[in-house]
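S.K.: Got a predicted structure plus its sequence, pasted below:
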Amino acid sequence: MSLMRKPIPVKEAVQLVMDHAQIGGSEKIPLDQAYGRVLKEPIIAKHDVPPFDRSPYDGFAIRAEDSKGASGENRIHFQVIDEIGAGHLAKRGIEKGEAVRIMTGAPIPENADAVVMLEQTIEQENAFSLRKAFDAGENIAVQGEDAKEGEVLIEAGALIHPGTIALLATFGYAEVEVAKKPVVGILATGTELLQVHEELTPGKIRNSNGPMIAAQLSRMGIEYKSYGMLGDNLDACMEMVEKALAETDVLITTGGVSVGDYDYLPVIYEKLGAKVLFNKVAMRPGSVTTVATLGSHLLFGLSGNPSACFTGFELFTRPALLKMMGGKKPYLPRMKATLGEDFPKPNPFLRFVRAVWEMTEEGPVATPAGFNKSAAVSSIARGNCIIVLPNGTRGYTKGMEVDVLLLGVEEGVAQWEL
Ligand SMILES: Nc1nc2c(c(=O)[nH]1)N[C@H]1C(S)=C(S)[C@@H](COP(=O)(O)OP(=O)(O)OC[C@H]3O[C@@H](n4cnc5c(N)ncnc54)[C@H](O)[C@@H]3O)O[C@H]1N2
Ligand code: MOO
Ligand SMILES: [Mg+2]
């Protein structure tokens, strides 16, 4: 196997992965499990919202024409014939000079066409007076003003967020048709790895990538199967990868993808007969990120270096999984920000810098989150975004405009310009 690898541009690598991310079928699930899933059917208004004219205030429903001529000097009096809270109907419609005491959300009684707020009245027993004339329709929440029956409100392919859940509930969707989620496995490789609860011993470090990837998946609402961690042993790793592939659609490994003596993933891909889409990307960190396919399976060989592993996931694994889940906006949202401090190191490759962005009076400012090498773990912990620095021969200085990818945002964008 040649040690020389040809780096491909990030954009091309993302496209290759996305071209191979196959969309699964759909399934019906209960509404209370639908958050974070992707709609397979559009939401079409099954009825008007609101379904009836209703009061937007606590007050009195009147006939506007009865309030004509009202003023401070000429208060007009109404007879209160009924009293309704939300959920109740008036016993009968109102006639001239009559009113119904009505609470927010209650249906407007027949013949009424305006609502007077309680604060606009002086009350007497079973009566009140007001000092201003009302227009027909004043303070009425009109049937269908929010949504009209038959209207397409949300397209298929949209992410289900809490607002979407509210709309689905409004129309009585106890179940909803969503795209299936891929089954994802995680396997950490490295003889140096200890479990989180283990004490450090010479030459060893704790497995931080496994738990990190698990949380990156959790943030996307994807459950995972953990295949634990294995030492750099070709046979053991091969066996575990085969087992994992039999049980998952997507397998994410970390470590062992570079050119080292104990980097066995390249050999494993070869032995499996997997098609390697790329094994070198013109980016830092994460240049060794390798993605392969085997049948409909996707194999993500993320780097062992924590920042590279993190970045490889956000750039390649995340959008591919979102596409597999039916998402139309699989990419991290992007914005412009001012660079908060110098980044003097020139980039032979496109560089992704873990950073913190915050809003200032001058607009968003993004500042690198400290030690930013591929092996860094502290800056991934501090960062809430990734600054994208195009490759070039010069470094970047404070105050320059840069592009930033936002992390942890519920819904992304449909396209990426990297
Ligand atoms: N001769 C070359 N050496 C290296 C190259 C290269 O092109 N030529 N690439 C370097 C780059 S860039 C990276 S990134 C790393 C990638 O290494 P691997 O993906 O093969 O990962 P490992 O060798 O297994 O480990 C690298 C590093 O990460 C630590 N690690 C591994 N797994 C974990 C984990 N689960 N949690 C925390 N840390 C982990 C491991 O101890 C190593 O320090 O290769 C460079 N070398
Ligand atoms: O793949 Mo390495 O992360 O470029 O640094
Ligand atoms: Mg290695």
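M.R.: Received the coordinates, thanks. Nothing here was measured: the structure is a model prediction, and the numbers come from that model. Numbering: from 1, shown residues only. Ligands and ions are numbered 1, 2, ... in the order given.
S.K.: Residue of the stretch 101-250 of the chain nearest ligand 2, please.
M.R.: Nearest to ligand 2, among the residues of the stretch 101-250 of the chain, is Asn209, at 12.2 Å (CB to the nearest ligand atom). For the C-beta atoms, the positions are set from N, CA and C on the backbone; glycine is no exception.
S.K.: Which parts of the stretch 151-300 of the chain are strands?
M.R.: 152-154, 175-179, 184-189, 193-194, 205-206, 224-230, 250-254, 275-278, 283-284, 290-294, 297-302 (DSSP state E, counting those that start in this stretch).
S.K.: Can you add mean pLDDT and mean neighbour count and give those back as JSON lines?
M.R.: JSON lines is the format used below for the strands of the stretch 151-300 of the chain (pLDDT from 0 to 100; neighbours: other CB atoms under 10 Å):
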{"stretch": "strand 152-154", "mean pLDDT": "97", "mean neighbour count": "15"}
{"stretch": "strand 175-179", "mean pLDDT": "97", "mean neighbour count": "19"}
{"stretch": "strand 184-189", "mean pLDDT": "98", "mean neighbour count": "26"}
{"stretch": "strand 193-194", "mean pLDDT": "98", "mean neighbour count": "19"}
{"stretch": "strand 205-206", "mean pLDDT": "98", "mean neighbour count": "16"}
{"stretch": "strand 224-230", "mean pLDDT": "97", "mean neighbour count": "17"}
{"stretch": "strand 250-254", "mean pLDDT": "98", "mean neighbour count": "27"}
{"stretch": "strand 275-278", "mean pLDDT": "98", "mean neighbour count": "17"}
{"stretch": "strand 283-284", "mean pLDDT": "96", "mean neighbour count": "24"}
{"stretch": "strand 290-294", "mean pLDDT": "98", "mean neighbour count": "22"}
{"stretch": "strand 297-302", "mean pLDDT": "98", "mean neighbour count": "26"}
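S.K.: who in the stretch 101-250 of the chain is up against ligand 1?
M.R.: Ala188, Gly190, Glu192, Leu193, Ile205, Asn207, Ser208, Asn209, Gly210 (CB under 6 Å from any ligand atom).
S.K.: Among those, give me the pair with the biggest separation.
M.R.: Glu192 and Gly210 (13.3 Å; CB to CB).
S.K.: between these two, which one's more packed in?
M.R.: Shown here are Glu192 and Gly210; by other CB atoms under 10 Å, Gly210 has more neighbours (26 against 15).
S.K.: Any regions of the protein where pLDDT drops low?
M.R.: Filtered on pLDDT under 70, the chain yields the residue ranges 1-3.
S.K.: so Asp403 makes contact with Lys336?
M.R.: Yes: in this structure Asp403 lies within contact range of Lys336 using CB atoms under 8 Å: 6.4 Å.
S.K.: more crowded one of these two?
M.R.: Set Asp403 next to Lys336 and count neighbours by other CB under 10 Å: Asp403 wins out with 16 against 11.
S.K.: Am I right that that one is in a helix?
M.R.: No: secondary structure of Asp403 (DSSP: H, G, I helix; E, B strand; the rest coil): strand, not part of a helix.
S.K.: That one and ligand 1: what is the separation?
M.R.: Look at Asp403 and ligand 1: by CB to the nearest ligand atom, to the nearest Å, they are 22 Å apart.
S.K.: between Glu192 and Gly210, what contacts are shared?
M.R.: In terms of CB atoms under 8 Å, 6 or more residues apart in numbering, Glu192 and Gly210 are not both contacted by any residue.
S.K.: Contact partners for the nearest residue to Gln195 once chain neighbours are set aside?
M.R.: Spatially, and ignoring its direct neighbours in sequence, Gln195 is nearest to Asn207 (6.6 Å; CB to CB, 6 or more residues apart in numbering). Contact analysis of Asn207 by CB under 8 Å, 6+ apart lists Ala188, Gly190, Leu193, Leu194, Gln195, Val196, Met229.
S.K.: can you confirm Ala61 is in a helix?
M.R.: No: going by three-state DSSP, the assignment for Ala61 is strand, not a helix.
S.K.: got the contact list for it?
M.R.: So Ala61 contacts Ser55, Ala90, Ile94, Ala99, Val100, Ile102, Ile108, Pro109, Ala112, Ala114, Val115 (CB under 8 Å, 6+ apart).
S.K.: need those residues in a markdown table with neighbour count and distance to Gln216, can you?
M.R.: Compiled in a markdown table, the contacts of Ala61 are given as follows (neighbours: other CB atoms under 10 Å; distance: CB to CB, whole Å):
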| residue | neighbour count | distance to Gln216 |
| --- | --- | --- |
| Ser55 | 25 | 48 |
| Ala90 | 21 | 55 |
| Ile94 | 25 | 60 |
| Ala99 | 29 | 59 |
| Val100 | 27 | 56 |
| Ile102 | 29 | 51 |
| Ile108 | 24 | 51 |
| Pro109 | 23 | 55 |
| Ala112 | 24 | 56 |
| Ala114 | 23 | 55 |
| Val115 | 28 | 51 |
